[in-house]
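Engineer: return a 3D structure for these sequence lines:
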Amino acid sequence: MHRVWLAGICVLLVGLLSACAGDGGGCKTSADCDESFKCENKRCVPRCSCLPEDECTAQAPECAQEVVQTPDSSDVDQCLPCTFQSDCDDGNNCTKDNCEAGCCVSRVFTSTEAVGCCTFVADCQDAANTKSTPEDPDGDPCTVDTCIDFHCKHEVLDPLCCHKDSDCTDENDCTSDTCVANQCVFTPTDLTCCARDKDCLDDNPCTMDICLSGACVHPQDSLNVKCGCESNIDCDDLNACTLDSCLDGKCQYDKSPGPECCGATAQCDDSDPTTDDFCKMYTCVHNKQKICVNDSSCEDGDACTDDKCTEGICTHEHTADPYCCNYDTDCDDGNICTEGKCEGKDCKYQILSNPGCCKSAKECDDGIGCTIDECSNWQCAHTPVGAKCCTPDSADVVCDDGNPCTIDLCQNGLCEWQMITTGCCEKDDDCLPCLNLVTGASCPVDHTVNPPKCIGENCVINACTLFSCSNQFCYYSPVKDCCLIDQDCADGNPCTTDICTAANKCSNALEKNCCANNGMCNDGEVCTIDMCEIAPGEDKGKCKYGEKPDCCTSDAWCEPKTCKTPYCVNGNCVYVAQEDCCVHDEDCDDKDACTIDKCQSNSCIHIPSGICG
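Structural biologist: Model prediction:
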């Protein structure tokens with residue numbers, strides 16, 4: 001009411017009272033002045049704008065960010081009331097909060113008072129950083145600098161911005177990743193290199209096409225019944241970490257003893273948290289996380305993954321569609337009655353006419369009256385109904401009478417039990433297993449002597465069988481890793497001497513320098529040619545090593561080339577084009593008609609032509 005009354009007097013005595021509010025007028029508080037003025041020494045004077053370019057900003061008290069926390073900071077009658085200092089805590093560590101005269105007052109700390117506090121972006125400058133400027137306080141070209149809630153913020157918004165080559169990776173072994181002018185550049189290094197399995201397709205139905213550390217390998221598909229091998233050479237998959245052999249017409253791939261080869265993923269840990277490490281075909285693979293700008297830069301060519309760019313890193317989550325596919329092998333549902341094909345990225349299934357397969361229940365009639373015949377998941381199922389009803393597949397369970405001296409049978413859909421005249425026992429020796437080492441057949445036992453003994457030539461107690469008598473019935477179980485004769489220890493490797501020891505344990509000693517294929521001769525050296533020389537008619541030979549021509553051992557070995565930087569990669573010289581280097585004038589074309597482009601001393605110069613004014 002006091003201010004309203006004072007304003008009324010001013011209207012009536014406008015020409016008489018110089019103390020009324022206005023430009024240069026008298027005042028008691030800033031509330032008596034216009035919005036753009038403040039009360040100072042009982043006179044209304046212009047307020048400071050507090051903008052950085054305003055000269056008064058540095059000296060004006062109101063620009064020190066000391067304000068009364070009220071809806072209208074010029075009106076002390078509307079302050080944020082407080083009793084204690086804690087009533088004014090705003091949770092911001094860049095403000096000093098006080099309770100003054102019953103009102104909350106907050107002042108922003110300057111950057112010299114508290115590191116990281118600011119009013120303007122320029123306040124975030126770091127005096128100790130020689131690259132710091134008012135426009136770029138942290139001197140980092142890869143960050144956007146802002147002052148938010150009186151705090152300095154430095155955010156990286158472009159994941160392809162970089163400081164050094166190691167900041168750049170596109171998860172592709174086939175590119176050279178470099179940092180040029182603070183931007184990642186990914187340059188193809190070798191057109192024969194692969195980045196994923198799809199790059200290795202050889203149109204051979206008998207091979208698996210695998211990309212391994214940037215190189216294609218093609219092991220034979222041992223699950224394909226239409227494919228086979230005649231010799232170890234047929235199985236060579238060009239992988240130095242596999243021992244390739246042809247056994248029983250099928251290729252077998254075992255781990256090579258090379259030091260760079262692995263047997264489990266745990267052996268491949270490179271202590272780099274930014275890589276996914278795993279053991280693939282006995283070779284360690286270290287996949288880098290791919291950086292990205294948007295979802296399209298994460299496309300992996302796999303129709304069954306959802307490719308997203310999340311916080312600058314590519315993620316590839318498998319789609320929830322169980323019928324999505326890239327290859328026919330993706331459509332193997334483990335059902336012997338279906339054959340899956342990948343057509344248009346979707347699995348299509350054909351029902352097979354194999355025994356036990358069906359399209360309806362009427363195809364599953366087993367002729368047994370006490371079973372329920374059903375077609376489930378394209379396979380016939382027969383469920384017995386009744387205590388004695390059975391099927392050949394269920395006889396072991398349905399017809400088990402718990403009597404060790406009976407044979408449980410399923411005859412014409414009904415359970416039958418036959419008494420066992422031999423095999424039932426009173427003590428363990430009654431179950432003594434005797435074996436003919438030549439024929440492999442069982443031998444009779446002489447129980448008239450104590451202990452019992454085996455009868456017949458070449459007949460011995462089978463040391464590889466545990467035996468006992470329980471509930472008047474003999475029980476037998478095999479001894480793990482046991483042998484009786486040398487043939488039991490055959491491992492299919494012609495380079496091992498297979499012996500059954502006196503302790504009935506196999507010994508497979510590897511012959512020195514012996515080999516059955518080139519893979520067994522791998523010495524781990526990239527500049528040697530590892531060969532297994534096998535004489536005609538023999539199944540094994542000796543390892544021979546020769547020097548690989550034109551194989552490099554270091555970058556310095558590679559012949560220099562103008563404007564190209566040489567690198568020695570796995571024994572091969574790889575050349576990467578140098579930035580801003582030229583050989584011919586054509587290399588310097590800047591697409592500007594107003595310049596004459598020349599290559600001098602391998603550097604481009606652009607001379608004004610004078611025809612453009």
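
Engineer: now the helices: where do they sit in this structure?
Structural biologist: Here the chain has its helices, by DSSP state H, at 2-12, 395-398.

Engineer: out of these, which gets the lowest mean score?
Structural biologist: The weakest mean pLDDT among those belongs to helix 2-12, with a mean of 26.

Engineer: pLDDT score assigned to Asp330?
Structural biologist: So, for Asp330, pLDDT stands at 73.

Engineer: ok, the closest residue to it other than its chain neighbours - contacts?
Structural biologist: Closest residue to Asp330 in three dimensions, ignoring its sequence neighbours and counting by CB to CB, 6 or more residues apart in numbering: Cys342, at 6.0 Å. Heads up, the C-betas are built off the backbone N, CA and C, glycines and all. Counting by CB atoms under 8 Å, 6 or more residues apart in numbering, Cys342 makes contact with 325-328, 330-331, 348.

Engineer: what's opposite Cys342 in the beta bridge?
Structural biologist: Cys347 (DSSP bridges).

Engineer: that one and Gln350, how far apart?
Structural biologist: Counting by CB to CB, to the nearest Å, the gap from Cys342 to Gln350 is 13 Å.

Engineer: coming back round to it: can you put the contacts of Cys342 in a markdown table and add distance to Cys194 and neighbour count?
Structural biologist: Formatted as a markdown table, these follow (distance: CB to CB, whole Å; neighbours: other CB atoms under 10 Å):
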| residue | distance to Cys194 | neighbour count |
| --- | --- | --- |
| Cys325 | 21 | 22 |
| Asn326 | 15 | 16 |
| Tyr327 | 16 | 13 |
| Asp328 | 20 | 14 |
| Asp330 | 19 | 15 |
| Cys331 | 24 | 20 |
| Lys348 | 28 | 13 |
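
Engineer: which of these lies closest to Cys124?
Structural biologist: Taking CB to CB as the measure, Cys124 lies nearest Asn326 of these, at 49.8 Å.

Engineer: please name the residues that touch that closest one.
Structural biologist: Here Asn326 is in contact with 198, 302-304, 342, 345 (CB under 8 Å, 6+ apart).

Engineer: buried among the residues you listed? Make that a ChimeraX selection.
Structural biologist: In ChimeraX syntax, the buried subset of those is picked out as below (16 or more other CB atoms under 10 Å):
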select :302,304,342
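
Engineer: what about the residue lying closest to Pro219 once chain neighbours are set aside, neighbour count?
Structural biologist: Using CB to CB, 6+ apart and skipping residues adjacent in sequence, the residue nearest Pro219 is Asp237, 3.9 Å away. For Asp237, the tally of surrounding residues (other CB atoms under 10 Å) stands at 21.

Engineer: hang on, Met264 packs against Cys279?
Structural biologist: Quick fix: residue 264 reads Ala, not Met. Yes. Ala264 lies in contact with Cys279 (CB atoms under 8 Å); the separation is 5.8 Å.

Engineer: which of these two has more neighbours?
Structural biologist: For Ala264 versus Cys279, the count of surrounding residues by other CB under 10 Å is larger for Cys279: 18 against 9.
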